[in-house]
Structures are given as C-alpha cells and as structure tokens.
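In: Build me a model:
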Amino acid sequence: MEKNLVVKKNEDNGRYKYIPQYLQSQWKIIPVDFDDNFELKKALKIADAVISMTWSESFPPAPRLKLLQLQGAGTNGVDLFSVPPDSYVCNVYEHEISISEYVLAAMLMWVTDIDKHDNALRNGDWYGSYLFGPPHKELYGQTLGIVGYGRIGREVAVRAKAFGMKIISCSRTAKKAKEINDDIMPMTKLDSLLDESDFVLLSTPLDKTTEKIIKLEQLRCIGQNGVIINIARGELIDEEDLYQACKEKIIGGAIIDTWYKYPLSRNDKQAPSDFNFRLLDNVMMTPHSSAWTERLIERRCEAIAHNLDSISFNIIPKNVVREPIGS
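Out: Alright, predicted model coming up:
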C-alpha cells in the first residue's frame with residue numbers, strides 16, 4: 001500500500017530528486033508549505049513520514065506518523081518530546097566527505113595565497129613570486145586541532161595527515177584513534193589544544209554544553225598566528241568575541257562557513273552577522289556551503305530512501321535519534 005511522505009514545498013525540487021530511484025516501496029511525495037497551518041494540518045493528518053529539520057509543539061497532530069526524517073545531522077531544531085510517540089526520529093550524515101575536502105581546500109588556500117597571487121598577476125604584479133616574494137607557507141608540519149572528533153573530524157584528520165600535519169583532537173568521549181591522532185584529549189583540556197594548534201577546526205554538535213564554547217578567552221589561546229575554522233554551527237563561538245578577535249588581530253583569522261543569521265528566501269539579502277566580518281581581510285566567508293555537493297544530495301537521498309523502506313517493511317531504520325516511546 002502506498003504511503004505518504006510530506007516534504008517542505010521549497011525543498012522538494014532538487015534536494016530529494018534521487019529518493020524515488022532508490023525506493024523499494026511505494027511512497028507518494030507531498031510538497032507542503034510549512035508556514036501555511038491549514039495546508040500543514042491537512043498533510044500531517046495523513047503523513048506516514050515527514051522530512052524536516054524542525055518539529056515543535058506548535059505542529060498540528062500527525063496521528064499516522066512513523067518516521068520524522070531529518071535531512072541533515074543536527075537535531076537542535078527538533079523538540080523530541082513533541083514528535084508523536086509512535087514514530088522514529090532519524091538523522092542522516094554523508095556530509096563528512098564534502099566538508100573534509102572543503103576544510104583542506106580552505107587551509108591550503110590560506111597558506112598558499114593562491115587567490116591573492118592570481119589577483120596580483122592579473123594586474124601585472126608579481127607579488128609572491130620567487131623573484132620578489134614574500135614566500136608563502138605550507139601545511140606540512142603545522143598542527144591541526146580538532147574540537148569534536150566524530151565523522152567529520154576523522155575524515156578531516158585522515159586528509160590533513162596526508163599533508164604531513166600534526167593532528168590533536170578534543171572529544172567529549174576522548175576516543176582513542178592513535179592511528180591518525182598524535183594526541184587526543186578530553187574537552188576539559190580544550191584550552192591546551194587551542195594553545196598548541198595552528199589551525200582549529202570546530203566540528204562538534206551544538207547543544208547546551210557546547211553553545212559559546214569558544215569565547216574571547218579561548219580565542220586568546222589560539223593566538224595571533226592561529227586560524228579558527230567553523231563548519232559546525234555559528235553559535236559554538238561567541239559572535240561579538242569572534243569579530244573582536246579578528247578585527248583586533250588577537251587571532252590570525254577565521255574561516256567561517258556556519259553563521260548567526262540566515263535568509264528566509266533566495267532573494268533575501270540577509271547579512272550573516274550583526275558584525276561586519278566582510279570588511280575584515282583575515283576572514284574567509286562562505287554561505288554554509290561546505291557540505292553542499294551533488295554527491296552529498298545523492299548519498300543522503302539513498303540513506304533516506306533506505307529508512308522509508310524500513311518503515312514500509314517494519315525494519316528498524318538507520319541513524320535513530322529517538323526510538324518510538326514505549327518500544
């Protein structure tokens with residue numbers, strides 16, 4: 001029997017285009033405007049599964065719901081207590097490959113100055129050449145500190161190690177991974193990691209214990225030659241403290257992909273912060289694009305299709321965040 005899958009209307013073309021080709025069971029995809037309460041109420045009444053990064057107590061009843069499938073890894077937008085008790089809540093990963101490539105590309109650009117050299121030579125300036133200098137840096141021999149050694153952290157470590165970097169990591173579980181890490185320590189040693197690192201990668205989830213885990217005090221530990229990279233969530237770093245640290249050159253700079261404010265639509269020219277990071281020459285800015293590749297979309301669609309099939313065939317889905325209550 002065909003089941004009903006509800007997706008957000010503004011995300012139904014492109015983001016989920018590969019799901020049908022991976023499905024082994026019958027699903028009808030219903031695009032819905034989640035801001036239209038009448039439309040949402042009507043759809044949730046018949047929904048067997050919903051794909052959404054958010055769920056709150058204000059959502060209409062979903063009596064048939066068996067699966068709330070997040071299309072990403074972060075669960076901070078979901079009130080787990082408000083999700084119908086008979087349903088699974090699952091997230092999806094697959095972003096560690098594209099994000100790790102982004103991190104290495106950003107670090108390489110930072111040390112090689114390729115963009116600056118390209119700009120200069122187009123204007124007849126041989127800045128950075130072996131003739132006139134100055135020489136650029138290398139990743140080889142530098143230390144990468146990883147805060148949050150999960151899927152992303154490990155994939156970055158593998159690639160950074162191939163470039164001859166020293167890898168040290170901070171993890172709440174302090175997992176042993178000596179085949180890659182030169183040192184791994186508990187989160188209580190965060191300041192020590194920051195002090196030892198040339199580059200600091202934030203790849204830890206956002207929750208009550210990690211919100212603003214990086215403040216001015218921690219940024220001072222990184223120092224004037226250190227660079228912080230945030231591909232996790234903006235709120236891991238105090239917004240004003242980060243701006244101050246970059247503007248006053250308390251740290252060497254920042255590579256920022258995750259922000260504090262986001263647009264509501266494609267035509268919304270929302271600034272990513274209340275502070276003018278765009279005016280700072282030691283900040284590299286990208287619009288939360290580090291993970292977003294065509295292959296990521298395909299891999300996530302395959303994973304989501306697997307979970308939809310699992311619901312159809314009464315099999316436990318993958319990446320369960322919350323099981324049905326009472327199961």
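In: you'd agree A120 is up against Y127?
Out: Yes - counting by CB atoms under 8 Å, Y127 is a contact partner of A120 at 4.1 Å. In this view, the C-beta of every residue, glycine as well, is placed from N, C-alpha and C.
In: give the contact list for Y88.
Out: Contacts for Y88 were tallied using CB atoms under 8 Å, 6 or more residues apart in numbering; they are K66, L67, L68, N307, I311, I316, P317, V320, R322, E323, P324.
In: how far away is it from K161?
Out: Look at Y88 and K161: by CB to CB, to the nearest Å, they are 36 Å apart.
In: What pairs with the worst-scoring helix or strand of the chain on mean pLDDT, parallel or antiparallel?
Out: Within the chain, confidence by mean pLDDT, DSSP states H and E is lowest for strand 183-186 among all helices and strands, at a mean of 92. According to DSSP bridges, strand 183-186 forms sheet pairs with strand 166-171 (parallel).
In: what sits against H136?
Out: V111, T112, D113, G128.
In: One more pass at 6 Å, please.
Out: The contact partners of H136, taken as CB atoms under 6 Å, 6 or more residues apart in numbering, are T112, D113.
In: now do K28
Out: E2, N4.
In: ok so it is a strand residue?
Out: Yes - assessed with DSSP: H, G, I helix; E, B strand; the rest coil, K28 lies in a strand.
In: any idea how far it lies from K17?
Out: Taking CB to CB, one finds K28 at 16 Å from K17.
In: and the most centrally placed residue in the chain, what does it touch?
Out: Residue closest to the average C-alpha location in the chain (CA atoms, centre = their mean): A232, at 4.2 Å. A232 makes contacts with L202, S203, T204, as judged by CB under 6 Å, 6+ apart.
In: what's around the nearest residue to the last one once chain neighbours are set aside, how many residues?
Out: Nearest residue to T204 in three dimensions, chain neighbours excluded: G148, at 2.7 Å (CB to CB, 6 or more residues apart in numbering). By the other CB atoms under 10 Å criterion, the neighbourhood of G148 contains 21 residues.
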